[in-house]
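**Student:** Build the 3D model from these lines:
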Amino acid sequence: MNMIYEYIISFAVAFIVSFSATPIVRKIAIKLKAIDVPKDNRRLHKKPIALMGGLAIVCGFILSVLFTILSSLLTKNQWMESWPDLIGLLVGIAIIVLIGAIDDIKPLSAKTRLFFQLIAALAVMFISDTRIERITNPFSPVGVTELSPYISYPLTILWIIGITNALNLIDGLDGLAAGVASISSLSLFFVSILTPIVGPFSSIITAALAGATLGFLPFNFNPAKIFMGSTGAYFLGFTLAVVSIEGMFKSYTAISIAIPILALGLPLFDTVFAIFRRLLNGKPVMAADRGHLHHKLMDMGLSQKQSVIILYIASAALGLCAIVLTDKGALSAIILLILVSAFIIAGARYMVGITNDSDEIELEPHQDITSLKEGKDVANMDIDTANMANTSNTSNISNTLSKANKTDISTRNTKSSKDSSLSVKILKKAGNR
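**Tutor:** Below you'll find the predicted structure:
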């Protein structure tokens, strides 16, 4: 129970610091001229937007982790299994954030960025000995296969660099990369809680990462006031890649490799699809294009917000499958994935119709707008006729009553006159006598 409080505090501190630091980072980015100017058809914003928002996420994450470590030392709640794990991660983050910030201020070549990403990956591997040591093997008696160093190290480098760039590739719509990274972090957080062998280190890191990213999201959601830039995208991708190795890939379970792939499924799929697409079209792998998932949704007619929400749901569904896979097994996860995928695809398809107002209500074959209008006119005429008849009847009744009243009054006046004459005659006779 004490660790649950640590996770909540880690999340809350990261959220508060990141949310508060984002306006400050925006001012710094504008002074450093780290600004994204819309200059091609890939960019969907119409005016210059400040970059380097990832610095706020980094600040929230670092301060949260350091605070959690300090508080655990003061309360003698030792949750750190190995200090080299944290040191290696922080050194790699320092390298990746530095190259990202420089790229936001002055764009660097793809080869330069790739070189420093390789340095960051090597730093993590050799300082903290973080590497993919085993993978799932259904044909093995224990369900996994131990990898030799000749395969383990290259595979680890490929994983870290691949996820680092995957988050950068999906950062094409307001709030997309931040939201997907938050969902992936929360998915890995719950998986780490459900997997005791992982330990609290991964839980603390993912809780802080989710809090820092969600604290930045209000300023990054459409319409965005600031972009995370390469600083944030590289940091989020790098940290998620490393923590997935620290947690899931070190597990001895047969499903260890499937969990991070599901949790990071959306950026992974988009990256793999982009690589194959560019190779088939004869374009450089690192060349930018307009063929990513979010571009496809926009081309279907969806708005930015609708496209982002659909991709949020898809990422959350994959993360939920990772959690179900950990807790209930592969069959439940597969069933859930099929069901959710069907609804997401159908919903995205019909959402386009709602957006374009093409989903008009169709009348029955024997009906048309003219007949409906004529029917309405006929009904109105009947109502008017009935009203006229009622008015006429009312007028006749009124005239009849008026005549009857006049006749009654005349009769009364005549009778009164006769009575008066008779009284006069009687008085005259009495006087004569």
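**Student:** thought Ile9 was touching Ser71?
**Tutor:** Yes: contact criterion Cβ atoms under 8 Å: Ile9 and Ser71 qualify, at 7.4 Å. In this view, the C-beta of every residue, glycine as well, is placed from N, C-alpha and C.
**Student:** ok, the two, which is more surrounded?
**Tutor:** Set Ile9 next to Ser71 and count neighbours by other Cβ atoms under 10 Å: Ile9 wins out with 18 against 15.
**Student:** Which of the helices or strands spans that one?
**Tutor:** Secondary structure assigned from DSSP states H and E places Ile9 in helix 2-31.
**Student:** Show me which positions of that helix end up buried.
**Tutor:** 6-7, 9-11, 13-19, 21-22, 25-26, 29 (16 or more other Cβ atoms under 10 Å).
**Student:** Would you tell me what the next helix or strand after that helix is?
**Tutor:** Later in the chain than helix 2-31, the nearest helix or strand by DSSP H and E is strand 35-36.
**Student:** Residues contacting stretch 24-38, please?
**Tutor:** Here stretch 24-38 makes contact (Cβ atoms under 8 Å, 6 or more residues apart in numbering) with 43-53, 55-56, 59, 101, 104-105, 219, 225-227, 229.
**Student:** Let's see which of the residues you listed end up in strands.
**Tutor:** Members of the contacts of stretch 24-38 lying in strands (criterion: DSSP state E): 49-50.
**Student:** Only the buried subset of the contacts of stretch 24-38, as a ChimeraX command please.
**Tutor:** With 16+ other Cβ under 10 Å as the criterion, this ChimeraX line picks the buried residues out of those:
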select :45,49,50,51,52,53,55,56,59,101,104,105,219,226,227,229
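**Student:** Apart from its chain neighbours, what residue comes closest to Leu188?
**Tutor:** Nearest non-adjacent residue to Leu188, counting by Cβ to Cβ, 6 or more residues apart in numbering: Thr206, 4.7 Å away.
**Student:** how about the one you found, what does it touch?
**Tutor:** Contacts of Thr206 by Cβ under 8 Å, 6+ apart are 185-186, 188-189, 192, 243.
**Student:** farthest-separated two in the residues you listed?
**Tutor:** Leu186 and Val243 (12.4 Å; Cβ to Cβ).
**Student:** Name the strands paired with the helix or strand hosting Thr145 and say parallel or antiparallel.
**Tutor:** Under the criterion of DSSP H and E, Thr145 resides in strand 144-146. Strand pairing for strand 144-146, using DSSP bridges, gives strand 134-136 (antiparallel).
**Student:** what pLDDT does the closest residue to Leu173 other than its chain neighbours get?
**Tutor:** Using Cβ to Cβ, 6+ apart and skipping residues adjacent in sequence, the residue nearest Leu173 is His294, 4.8 Å away. Per-residue confidence (pLDDT) for His294: 72.
**Student:** before we move on, back to that, give me the mean pLDDT for the helix holding Ile9.
**Tutor:** Per-residue scores along helix 2-31 average to 92.
**Student:** what about Ile345, neighbour count?
**Tutor:** Neighbours of Ile345 using other Cβ under 10 Å come to 11.
**Student:** Which helix or which strand is home to it?
**Tutor:** Ile345 belongs to helix 330-355, assigned by DSSP H and E.
**Student:** picking up where we left off before, contacts only, for the residue nearest to Leu173.
**Tutor:** His294 neighbours (Cβ under 8 Å, 6+ apart): 170, 172-173, 176, 307-308, 311.
**Student:** One more pass at 6 Å, please.
**Tutor:** Applying Cβ atoms under 6 Å, 6 or more residues apart in numbering, we find His294 in contact with 172-173, 307.
**Student:** Export these to a markdown table and append columns for secondary structure.
**Tutor:** Formatted as a markdown table, the contacts of His294 follow (DSSP: H, G, I helix; E, B strand; the rest coil):
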| residue | secondary structure |
| --- | --- |
| Gly172 | coil |
| Leu173 | coil |
| Ser307 | helix |
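**Student:** any chance of the residues you listed in JSON lines, with neighbour count too?
**Tutor:** Below are the contacts of His294 laid out as JSON lines (neighbours: other Cβ atoms under 10 Å):
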{"residue": "Gly172", "neighbour count": "21"}
{"residue": "Leu173", "neighbour count": "25"}
{"residue": "Ser307", "neighbour count": "27"}
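**Student:** Could you save these as a markdown table and add columns showing pLDDT and distance to Ser109?
**Tutor:** Below are the contacts of His294 laid out as a markdown table (pLDDT from 0 to 100; distance: Cβ to Cβ, whole Å):
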| residue | pLDDT | distance to Ser109 |
| --- | --- | --- |
| Gly172 | 78 | 20 |
| Leu173 | 82 | 25 |
| Ser307 | 84 | 30 |
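**Student:** for the residues you listed, which one is nearest Tyr234?
**Tutor:** Gly172 (15.3 Å).
**Student:** And that closest one, its phi and psi?
**Tutor:** Note on Gly172: its backbone torsions stand at phi -120, psi -10 [degrees, to the nearest 10].
**Student:** what residues are up against it?
**Tutor:** Gly172 neighbours (Cβ under 6 Å, 6+ apart): 292, 294.
**Student:** gap between it and Ala224?
**Tutor:** For Gly172, the distance to Ala224 equals 12 Å [Cβ to Cβ, to the nearest Å].
**Student:** what's the answer for Pro149, then?
**Tutor:** On the measure of Cβ to Cβ, Pro149 and Ala224 end up 44 Å apart.
**Student:** okay, these two: which has more neighbours?
**Tutor:** Ala224 (20 against 9).
**Student:** and the more buried one, what is it in contact with?
**Tutor:** Applying Cβ under 6 Å, 6+ apart, the residues near Ala224 are Asp174.
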